[in-house]
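A.B. asks: coordinates for the following, if possible.
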Amino acid sequence: MILCIDIGNSNIKYAVFEGDELKVSFRIATDLKKTSDEYGAQLVSMLAFRGITAGEIEGGIVSSVVPSLDYTIEHMLFVYLSVKPLQIAPGLKTGLKMRAENPREVGADRVVNNVSALKKYGAERTMIIVDFGTATTFNVLKGGEFIGGVIAPGIKGSLDSLVSGTAKLPRVEIEAPPSVIATNTVTNMQAGIVFGFAGLVEYIVKKIKKELKEERVLTIATGGFSEVMAKETACIDVIDKMLTLDGLKYLYDMNRTGGQK
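C.D. replies: Here you go, the predicted structure:
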């Protein structure tokens, strides 16, 4: 079995694959204060709960946008699973062509999403990948190449900023209210966040299509709030919440001479 890990600013996502079959997936909160032992005990416990022992994990791969956790997670995997994981970093084979001014600046999660989309949906297609994570990112793929994109604020971070920067506004669930003309504080905030970000997504996708001079563009949504946002926009064609983890498994297979016990 292969363990794929996506370390994000808000969550760490795990997936265990047996061959090409997804056995389990789960997520935990990212915590910079946790030690490798704490992460290891938590991971082993969560695997055991799902009927998987540490000895069944044969290899691993990690994508991270939190450099301060890289050693912690790598050390944890070696101590608790006896695995030295592959890392999404310069030097790893990806097969991805990038038109970025400095490809090393492109986040590991964006690289993995691009590779995954090309593999799953076809390199010949023009695609926009919208990842609703801690940041809201837009990746544009054309001719099998990453040609650029957009980084916007994240939904949860924007809500947190609104709450922390005001004295009386409460923390609310991120879900669409019944009406954009809201009648209480909670639904006012929900309308602003959900419909506001829906407008952001619609406008940016529209602008990208205009610059591409193409209308037949596949728009893929991934990330924690992809389902919420897809309900409020007409521009999202596919919801793929496993895009990153599937991409990690594909990259592991491509580079599988490393990352073994």
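
A.B. asks: in the stretch 1-150 of the chain, which ranges drop under the pLDDT threshold?
C.D. replies: Within the stretch 1-150 of the chain, the set of residues satisfying pLDDT under 70 is empty.

A.B. asks: all helices for it, in order.
C.D. replies: 36-49, 67-81, 108-121 (DSSP state H, counting those that start in this stretch).

A.B. asks: just the CA coordinates of the longest helix anywhere in the chain, formatted as CSV?
C.D. replies: Longest among the helix segments of the chain by residue count, using DSSP state H, is helix 196-212. Provided in CSV are the C-alpha atoms of helix 196-212 (Å, rounded to 0.1, in the frame of the first residue of the first chain):
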residue,chain,number,x,y,z
GLY,A,196,-19.0,37.1,-3.1
PHE,A,197,-16.6,34.3,-3.9
ALA,A,198,-19.0,32.9,-6.5
GLY,A,199,-18.8,36.2,-8.3
LEU,A,200,-15.0,36.2,-8.0
VAL,A,201,-14.8,32.8,-9.6
GLU,A,202,-17.2,33.6,-12.3
TYR,A,203,-15.4,36.8,-13.3
ILE,A,204,-11.9,35.3,-13.2
VAL,A,205,-12.9,32.3,-15.3
LYS,A,206,-14.7,34.6,-17.7
LYS,A,207,-11.5,36.8,-18.0
ILE,A,208,-9.3,33.7,-18.5
LYS,A,209,-11.5,32.3,-21.3
LYS,A,210,-11.5,35.8,-23.0
GLU,A,211,-7.7,35.9,-23.0
LEU,A,212,-7.5,32.3,-24.2
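
A.B. asks: which of the residues in that helix are buried?
C.D. replies: 197, 198, 200, 201, 204, 205, 208, 209 (16 or more other C-beta atoms under 10 Å). For every residue, glycine as well, the C-beta is placed using N, CA and C.
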